[in-house]
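Student: Coordinates for the following, if possible.
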Amino acid sequence: MKKLMALAVAGLMSTTFSGSVAAQPINDNQLSDPRVRQAIAYAIDMDTIAETIFEGQAVPAVGMLPDGPNKPTDLEPYAYNPDKARELLAEAGWDSNRVLDVVYYYTDQQTADLMAAIQAYLADVGIQMNYRLLEGDIGSQISVVPDDPVNGPSKVTWDMLYGARAALALQEYFNRYAYGLKPMIPNIPRMNELVAKVNGTTDPEVQREGYFEMEHIINENVYQIPLYYQQLFTYESDRLNRNGAPYGNEQYNYDWAVETWTIEPDASGKGVLYTNAGPAQFFEVPWQNLGIWVHNKFAFDTILEADGTLTPIGGELADTYSVSEDGLTFTFTLKDGLTWHDGEPITVDDVVFSIGAALKFPITQPVLQATLKKIEGAEAYVAGEADTLAGVTTEGNTVTIKFASIDPNVLLSFSQFAPLPARHFEGVDPLNLQQAPFWQKPIGSGPFKIDEVVMNDYTTLVPFEGYHKGTPKIEQIIARPSSDNDGNLLVNATAGKADFGYTKSAADVPGLEALDFMNIHPIDIPYTRMLWINQFEHPAN
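Tutor: Numbering: from 1, shown residues only. I've put the predicted structure just below:
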């Protein structure tokens, strides 16, 4: 930490300041004052953190969007400037006795080191903070919106959250700013309008205009603090042969042809693949984090299919599909003979149930949720004013979905949408879907079925012989429990118990590269780590 602070102070000489917003807090929470949020941004030296803690594997972020044509070039970078931070705090009348409660949900050492660095940087300008790891049902601790999304109070009690936005579509960087979706930021009328603008058109130029204006609003007011952009690293042992299958963004679902993969037999002659991302306490509903967990990857199929760049390329459970010329009707027909892992048929009734449940499920992935909300009758269905979704109809194996307005991501959303077997959720309120017994050992539709589950220890998966693309070649998958970053990855890899997976922790890369039987594939992804700042009043402040 002394090295961090010394390097940071040395870098101060080259920083400049381009101006600040003259504004006042909007409630009694001092974090609702833009000057305080700007001070926090100026107090953190991300250049030095990227160089030291992240070993040069992270790119300091300016704005939410990744570098490219869809990103403005005139944003305030909030380069490290502790003197300016102190000036802003004095101007805002910061209470130096207040101790910020900062939470995070990544379990790797690198994140803990980052929290310690941020704590030191903030202390240097007169802000106290403690940090703590969230455990259990993370979504309910970070994503619950206030009953009154304008005035609060907040239903989350932390002051800042270290988290990420891994964008499936660029709108996802901003959709949480829509009215009634923000757990920690009071209503911003212009952002509501812009979120509607970028989600209501398929014209990339109109979308870009919206992205640029939203980036400037967030940047000027520091509604959140982008910290760094990050790569994803796929690792594979020499035992594994993907047989030409493509690489892609492992955080989402894409056509990776896992049923064609092969692996060298172990000492007993059995082809076993070791991986991570198994459950610790329960299997997560696959509409929340899409492709992250072992059951998303291996046990559930989606309606459509995307390639490694997440461009929709065809059907998966769907045999054929089409979008009407006006973009308001999406139709697909399920393949004949599809079955769940228990042998029961996959039907259009399962699909219709799943669409309705995902619409009501409170933490459905934002891009997917935005698509479903545009279905005709969605508002009445969610409000309980209608028993069925008016815009969803079926005939034989065909499902027709009519939208009240254009959704720019309909094909992308359905390439990530895995239906569930409706009969296992009779009487279950979609608001409490995650609490259903089904999630102790789910029944899926993908190439591998869940076999044995020992929570907090391991999960095994075996080939589904009825899989519509052919029986997979790997005989067994053994998945150890881990979250987004696996603290035991290097230990397991060194012991030969990690044949495939991915990590976003740059600290894992040198250790993996040092293993002569391990191959690392870096992948550029739209992924921004950030600090969310809770601006609502809540009991802790």
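Student: quick one: the strands in the stretch 1-150 of the chain?
Tutor: Taking DSSP state E, counting those that start in this stretch as the criterion, the stretch 1-150 of the chain carries its strands at 58-60, 99-104, 128-133.
Student: I'd like those strands laid out as TSV, including mean neighbour count.
Tutor: No exception for glycine: its C-beta is placed from N, CA and C like everyone else's. As requested, the strands of the stretch 1-150 of the chain are exported to TSV (neighbours: other C-beta atoms under 10 Å):
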stretch	mean neighbour count
strand 58-60	20
strand 99-104	19
strand 128-133	14
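Student: Distance of Thr388 relative to Lys297?
Tutor: Counting by C-beta to C-beta, to the nearest Å, the separation of Thr388 from Lys297 is 32 Å.
Student: Same drill for the two, tell me which one is more crowded.
Tutor: When Thr388 is set against Lys297 and neighbours are counted by other C-beta atoms under 10 Å, the residue ahead is Lys297, at 25 against 12.
Student: Among the strands of the stretch 1-150 of the chain, which comes closest to Leu412?
Tutor: strand 58-60 (25.1 Å; C-beta to C-beta).
Student: So what's the gap between the closest one and the chain middle?
Tutor: With C-alpha atoms, centre = their mean, to the nearest Å as the basis, the distance from the averaged C-alpha position of strand 58-60 to the chain average is 18 Å.
Student: what sits against the residue nearest the centre of the chain?
Tutor: Among the residues of the chain, the smallest C-alpha distance to the mean C-alpha position (C-alpha atoms, centre = their mean) belongs to Ala166, namely 4.7 Å. For Ala166, the residues meeting the contact criterion (C-beta atoms under 8 Å, 6 or more residues apart in numbering) are Gln251, Ile525, Pro526, Tyr527.
Student: From those residues, which land in strands?
Tutor: Judged by DSSP state E, the contacts of Ala166 include Tyr527 as members of strands.
Student: And the contacts of Ala166, which is the shakiest by pLDDT?
Tutor: Here the lowest pLDDT out of the contacts of Ala166 sits on Ile525, with 83.
Student: how does this protein divide into domains?
Tutor: Under the assignment automatic domain parsing, the domains of the chain span 2-231+527-533, 232-300+446-522, 304-436.
Student: Nearest to Asn541, out of those domains?
Tutor: For the domains of the chain, the distance to Asn541 is smallest for domain 2-231+527-533, at 5.0 Å, taking C-beta to C-beta.
Student: how about the domains of the chain in TSV, adding distance to Asn541?
Tutor: Written out in TSV, the entries for the domains of the chain read as follows (distance: least, C-beta to C-beta, whole Å):
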stretch	distance to Asn541
domain 2-231+527-533	5
domain 232-300+446-522	28
domain 304-436	25
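Student: In terms of mean pLDDT, which of these ranks lowest?
Tutor: Lowest mean pLDDT within the domains of the chain: domain 2-231+527-533, a mean of 87.
Student: which residue ranges form the helices in the stretch 1-150 of the chain?
Tutor: Taking DSSP state H, counting those that start in this stretch as the criterion, the stretch 1-150 of the chain contains helices spanning 2-11, 34-43, 46-52, 82-92, 109-125, 138-142.
Student: what sits up against the last one?
Tutor: Looking back up the chat, that one is helix 138-142. Identification of contacts with helix 138-142 by C-beta under 8 Å, 6+ apart yields Val103, Tyr105, Leu134, Val156, Leu161, Gly163, Pro183, Gln288, Pro362, Ile363, Trp532.
Student: Just checking: what are the partner strands of the helix or strand just after it?
Tutor: On the C-terminal side of helix 138-142, the nearest following helix or strand under DSSP states H and E is strand 160-166. According to DSSP bridges, strand 160-166 forms sheet pairs with strand 99-104 (parallel), strand 527-533 (antiparallel).
Student: how about the CA coordinates for strand 160-166, as PDB?
Tutor: Extracted in PDB, the C-alpha atoms of strand 160-166 (Å, rounded to 0.1, in the frame of the first residue of the first chain):
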ATOM      1  CA  MET A 160     -21.200   2.200  -2.100                       C
ATOM      2  CA  LEU A 161     -21.200  -1.000  -4.100                       C
ATOM      3  CA  TYR A 162     -18.200  -2.300  -6.000                       C
ATOM      4  CA  GLY A 163     -19.700  -4.200  -8.900                       C
ATOM      5  CA  ALA A 164     -19.700  -4.500 -12.700                       C
ATOM      6  CA  ARG A 165     -21.700  -4.100 -15.800                       C
ATOM      7  CA  ALA A 166     -21.000  -6.800 -18.400                       C
END
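Student: I'm done for today, thanks for sticking with me.
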